[in-house]
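In: Curious how this folds, go ahead:
(2 chains)
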Amino acid sequence: MAASSRRNPPPLPGAENQDPLSEMAGEDSDEGEDIFVGNSNPVAEAFQPDTANGEEPADLFSEAETSTAVNSSITTSKSNGVHSDNENDLFAEVSVELSMENPSTTAKSSGAEFTPSLTLSATQPESMEQLEEEKDEDSFDMEVAVTNPEKIGDGMNAYMAYKVSTRTTLPMFRNRTFSVWRRFSDFLGLYEKLSVKHSLNGCIIPPPPEKSVVGMTKVKVGKDDSSSADFVERRRAALERYLQRVVCHPSLLQDPDVREFLERDELPRAVGTHTLSGAGFLKMINRASDAVSKMTIKISDSDAWFDNKLQEVESEELQLRKLHAVVDSLVNHRKELCGNTAVFAKSMAMLGNSEDNTALSRALSQLAEVEDKMETLHQEQAASDFFILAELLADYIRLLGAVRGCFEQRMKTWQRWQEAQSTLQKKREVEAKLLWANKPDKLQQAKEEITEWEGKVTQYERDFDRISVTVRKEFLRFEKQKSKDFKSQIVKYLESLLQSQQRHVKFWEAFLPEAKAIA
Amino acid sequence: LLRCFGCVLRVVVLLEGEPLAVNVDLQTDATLQVDISDALSERDKVKFTVHTKSTLPNFKQNEFSVVRQHEEFIWLHDSFVENEEYAGYIIPPAPPRPDFDASREKLQKLGEGEGSMTKEEFTKMKQELEAEYLAIFKKTVAMHEVFLCRVAAHPVLRKDMNFHVFLEYNQDLSVRGKNKREKMEDFFKNVVKSADGVLVAGVKDVDDFFEHEKTFLLEYHNRVKDASSKSDRMIRSHKNAADDINRIASTLYTLGTQDSTDVCKFFLKVSELFEKTRKIEARVAADEDLKLADLLKYYLRESQAAKDLLYRRGRALVDYENANKALDKARAKNKDVLQAETSQQVCCQKFEKISESAKQELIDFKTRRVAAFRKNLVELAELELKHAKGNLQLLQSCVGVLKGDT
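Out: Predicted structure coming up:
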C-alpha cells in the first residue's frame, strides 16, 4: 500500500502539470537550507542561470522528486495570487517562493490563513545580476538574529531578555525589519505550540536549547564572572540557531505562532507546563503509552526505507553522543592547558630574573612571553572547540531525537490504522453473526457501525500515507541540512585551528633568534 | 604487550658518539668513554649494559661491558658524596629511579577497558601506551648515561676507584638497597644537614664570589624547582588534549564508515586530518618534555649538587673559624697548643682546597648551564616551529580539499 515515490496527495485544485515554476520550487527548498547554514544569503550561488534551469534542478533535486511532484499543484494555483502581491515589492522581477512542501498539512493547519510567499523566477538576466549585487539586501527570505542579552530585574525573579530581530521581505509580515524582546520561556512556549500542532504530521520540529537551573541561578544571583558570561553567550547563540532553524522550515514559517513570536510586542507569558492545554495533556498521556508501545510496534512495511533510516538515526545519535563527550573532554583539557601555560609562563619569567647570565636571562623572559601568548591561543582554541564543535554536536543530538520522534509518530499512525482495521473486522464478524441469527434491528446498527469504521479505516490509511510522505520528505530535507551544517561548521573549526597554528609559527619564529643569541 | 609488567622490553639504545641526553655539554675524551649500549626492562627492574672504551692502563682490557642496575648507580653516587676528598667538587647528580608506575597503571586500565571500545580504538591506544612506555624507558637510559659521562669527564672523579670497579667488575656488586633503618638514618641525616645548612648559610662569607653564588644558587634552585613542576603540568595537559583529538579522530572514523554519503566521506577526511594533527601534537608535547622539562629537571638536580658544594665549603669555613678560635683559646691558656695548631692547619687546608676547586666548579657549572640552555632552547624553538608549520600545512591542504568538494 505504501508505495514510495508515487504518492498522490489528496486531490487539490490545480493540475499536476509540471511547469518551470515547480522547478523553482524545488530549487528554493535548497535556498531555505542555505539560510539555515549561515546568515549570508547565497541566493546567487544557488541561483542557476536561466538556460541551465531546465537541466539543473533535475540534477540537484533527484531526491526531492517527490516534493516537486507534489508541489506543482500548489504552486501553480498560488502563483497567480502571489504575483499581484508582489507588484509593490521592490524586487518584483525577482521574487522568491517558499515551496509548500506539505500541501496537506498547510491545508489542514493554516486553513484560511494560507499565505503564499514570493516567487523566484529568473525572468531576466539583469535581475540575476541585481540579485548578486544586492544579495545582502536579502531579496528572499528571513534573517533572524538573537542579540543583546539583558538582565531584567534582580534576584531570583530576574530573567534574561533577548532581542529578536528579523529582517525579511516576506509580505506576511507587517514590516521589513523589526525587533522584539523575548525571554527564554517564550522560546520554550513557541516550541510547545509548534510541537502540539505539527508533530502529529510528522514534521521535524527543531528542539529548543535546554533549561539549566544552575546556569540561570548564577546569572540571576548576579555572579559577574566569566562562567555566567559564557553561559549567557552560549544560550544566546543556541536560541539564535533554534530560531533560524524554525524560520527556514517552510511549513513552520507559515505558522501564525511563529509570526506572532517574531512580531508581536508583548507576548503572553508562556507557561512551561504541559497540563493546561487539552492537546498538551493528551500528548503527555500519549507519551507515556508510547514508551511502552514503542518496543512492540514493528511496522510490516513493504517499504524498508523507514526502518533503515531509523536505524541509521539511532546509530548516528550514539556516535554523536560519544563524539560530544570527547569534544567536551578536549575543551576541558584545553582550558587546563591554558591555565597551566599561564602559570608556567610566570614561573619562567621568575627563573629568567634570577639567571645571572644576561643573554640567557633575556631569552628566558622571552620564552615566558611566548608561553603567555600560547596561553591566549589555547584559550581561543578552547572557545572555538566549544562554540563551534561541541554546540554543533549538542544541537544535532537533540535534532536526531526530534527525528526519531517523527518516525515514532508515523508508527503510531500506522498502529491506529491497524487497530481500526481490526475493529472493522470484528464489526464485520458481528454483522455476519447477526445475519445468521437474523436480528434485523441490531443488524441495522451493525451496518452503521461498519460504515463508520470503514470510513475511519480509509481515513487512517490516508493519514498514514500522508505522514509517511511527510516524514520521508522531512528526513531528506533534514539530511541535506545536516550535511551542509556539519560541513560548514567543521570547515569553520578547521579554519580556526589553521589561524591558531599560523600565530603559533609567528611566535616561535620571533623567539628563535633570541635563543640563538644566548652566549 | 598488555601483560607488560610480566614482559620483557628490550631497547637497543643507539648511540653515535653523542650521548642521548643533551642536557650537558660534555667533552668526550679518548682516554675514557662510557655509554649505555643496551637496556632491558624486566618486571620491576631495568638492567643497563654499561660499555666502556678506555686507553687507561688500570683497566684489564680496552673495551668491556658490564650489566648494572639502578641501585648500583646510586651506590656509586653516594660513595662520591661520602668521600671527603671530593668535598670540593660538584658531585654529578644521581639519576632518578626508573618510574614506569604511571605507564603501567595506564596499561592496566586499558586492559580493563578493553570491552568498552572498538578494536581500532583499542589497538591505537595500546600503540600509544607502548610508545609512551618506550619514551620513558629511553629517558631513564639517557639519564643514567649522563651521570656516567659526567663522572668520566670530570678530571678527578674519573680516577675514582669505585668508579673503575663499577665499570669493570663484571659480577653483581651486591649493593643492596638501603633497608628501613638505613633509610631512617638518611632521613635524620638530611634533617640535621638542612638545619645545619641554614646555620652555615647564615654565616656571611668574606669572599664576594661565594657570597654572590650562595644567594644566586638559593634563589635559582627554588625557581627551577617551581618551573620544573609547572612545566610538567603544562605538558601533561598537552598530552591529554592530544589524546582527546585521537579519540575524536576514531569516532569520526566510525561515523564516516557508516555510509558512503557525502557527509560520511567528509567525516573520513576530517578523521584522517585529526589523526595526523594528533600525532604532531603528541610530538610537540614529547619534544617540550625532552627539551624543556628534562632540562629544568636536570638543572634542578645539578643546582642542588652545587648548593651541596657550597654547604660543604661553608661547613669547612665554620670548622676553620672554630679551629681558629680554639687555637686562640689554647694559646691564651697555653694548653694543647700544638694540637690546636695542627687542627687549625688541617681545617685551613681543607677549607682552602675546597674553595679553590669550588670556584672553578661553579664557574664550569655556569658555563655548562648556559650552553645547555642555549642548545635546548634553540632546539625547542626549532621543533615547535617545525611542528607548527607541519600542522599548518596539513590544515591548509585539508581545508582546501574540503572546501573544494562542497
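
In: hey, let's count contacts and neighbours off CA atoms from now on
Out: Noted.

In: now the helices: where do they sit in chain B?
Out: Using DSSP state H, the helices of chain B run over residues B:70-82, B:101-112, B:119-153, B:161-168, B:180-202, B:208-256, B:262-288, B:294-333, B:337-405.

In: what angle sits between the shortest one and helix B:70-82?
Out: Helix B:161-168 and helix B:70-82 meet at an angle of 160 degrees, taking axes from the mean of the first three to the mean of the last three C-alpha atoms, to 10 degrees as the criterion.

In: Can you name every helix or strand that helix B:161-168 contacts?
Out: If contacts are counted by 3 or more C-alpha pairs under 8 Å, 6 or more residues apart in numbering or on different chains; DSSP states H and E, helix B:161-168 sits against strand B:45-54, strand B:63-69, helix B:70-82.

In: Could I get the average pLDDT for the last one?
Out: Think helix B:70-82. When pLDDT is averaged over helix B:70-82, the result is 92.

In: Pull out the buried residues from that helix.
Out: Of the residues in helix B:70-82, those buried by neighbour count under the rule 16 or more other C-alpha atoms under 10 Å in any protein chain shown are B:70, B:71, B:72, B:73, B:74, B:75, B:76, B:77, B:80, B:81.

In: export those to TSV and tack on distance to chain A?
Out: Compiled in TSV, the buried residues of helix B:70-82 are given as follows (distance: C-alpha to the nearest C-alpha, whole Å):
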residue	distance to chain A
B:70	31
B:71	33
B:72	34
B:73	30
B:74	29
B:75	32
B:76	31
B:77	28
B:80	28
B:81	27
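
In: What about the residue nearest to residue B:53 when sequence neighbours are not counted, how many residues nearby?
Out: Leaving aside its sequence neighbours, residue B:53 sits nearest to residue B:63 (C-alpha to C-alpha, 6 or more residues apart in numbering or on different chains; 4.5 Å). Residues within reach of residue B:63, counting by other C-alpha atoms under 10 Å in any protein chain shown, total 15.

In: Regarding chain A, what is its longest helix?
Out: Once chain A is assigned using DSSP H, the helix that runs over the most residues is helix A:440-516.

In: Between helix B:337-405 and that helix, find me the angle.
Out: Using the same axes, to 10 degrees, the inter-axis angle of helix A:440-516 relative to helix B:337-405 is 130 degrees.

In: which parts of the stretch 201-350 of chain A sit against chain B?
Out: Applying C-alpha under 8 Å from any C-alpha of the partner chain, one finds that the stretch 201-350 of chain A approaches chain B through A:316, A:319, A:322-323, A:326-327, A:329-330, A:333-334, A:336-337, A:340-341, A:343-344, A:347-348, A:350.

In: now, which of the buried residues of helix B:70-82 sits nearest residue A:190?
Out: Distance ranking of the buried residues of helix B:70-82 against residue A:190, using C-alpha to C-alpha, places residue B:70 first at 70.9 Å.

In: which ones are touching the closest one?
Out: Contacts were defined as C-alpha atoms under 8 Å, 6 or more residues apart in numbering or on different chains; by that measure residue B:70 touches B:46, B:47, B:97, B:98.

In: That one and residue B:314: what is the separation?
Out: 31 Å (C-alpha to C-alpha, to the nearest Å).

In: now swap in residue A:264 and tell me
Out: In this view, residue A:264 and residue B:314 are 86 Å apart by C-alpha to C-alpha.

In: Sketch out the low-pLDDT regions of the chain for me.
Out: Using chain A here. Counting by pLDDT under 70, the ranges of chain A that qualify are A:1-141, A:222-224, A:270-302.

In: please go with chain B instead
Out: Counting by pLDDT under 70, the ranges of chain B that qualify are B:1-30, B:175-178, B:199-203, B:405-406.

In: isn't residue B:289 right up against residue B:235?
Out: Yes: in this structure, residue B:289 sits in contact with residue B:235. The criterion is C-alpha atoms under 8 Å, and the distance is 6.7 Å.

In: So which of the two has more stuff around it?
Out: Summary of the neighbour comparison: residue B:289 and residue B:235, criterion other C-alpha under 10 Å, with residue B:235 having more neighbours (23 against 19).

In: who's more crowded, residue A:264 and residue B:314?
Out: Taking neighbours as other C-alpha under 10 Å, residue A:264 and residue B:314 compare with residue B:314 leading, 26 against 15.

In: Identify each buried residue in stretch B:146-166, please.
Out: In terms of neighbour count (16+ other C-alpha under 10 Å), stretch B:146-166 has its buried residues at B:146-154, B:157-158, B:160, B:162-163, B:166.

In: how about the strands in chain A?
Out: For chain A, the strands defined by DSSP state E occupy A:142-152, A:159-168, A:177-183.

In: Near chain A, which residues of the stretch 101-250 of chain B? Just list them.
Out: Close to chain A, as judged by C-alpha under 8 Å from any C-alpha, the stretch 101-250 of chain B has residues B:216, B:219-220, B:223-224, B:226-227, B:230-231, B:233-235, B:237-238, B:240-241, B:244-245, B:247-248.

In: Hmm, residue A:404 and residue A:313 touching each other?
Out: Yes: Residue A:313 is within contact range of residue A:404, at 7.2 Å (criterion: C-alpha under 8 Å).

In: what's in contact with stretch A:486-499?
Out: Stretch A:486-499 is touched from outside by A:37, A:381, A:384-385, A:388-389, A:392, B:263, B:266, B:392, B:395-396, B:399, B:402-403, B:406, with contacts defined as C-alpha under 8 Å, 6+ apart.

In: One more: stretch B:258-272?
Out: Residues from elsewhere that reach stretch B:258-272 (C-alpha under 8 Å, 6+ apart): A:483, A:486-487, B:248-250, B:252-253, B:255-257, B:398, B:402.

In: Closest to residue B:322 out of the residues you listed?
Out: Comparing these against residue B:322 with C-alpha to C-alpha picks out residue B:248 as the nearest, at 69.0 Å.

In: The closest one: what's it in contact with?
Out: A:323, A:326, A:327, B:271, B:274.

In: Next: residue B:81.
Out: Neighbouring residues of residue B:81 by C-alpha under 8 Å, 6+ apart: B:87, B:91.

In: how close does it get to residue B:89?
Out: Residue B:81 sits 9 Å away from residue B:89 when distances are taken as C-alpha to C-alpha.

In: Same question for residue A:153.
Out: 73 Å.

In: What about residue A:211, how many residues nearby?
Out: Around residue A:211 there are 12 residues (other C-alpha under 10 Å).
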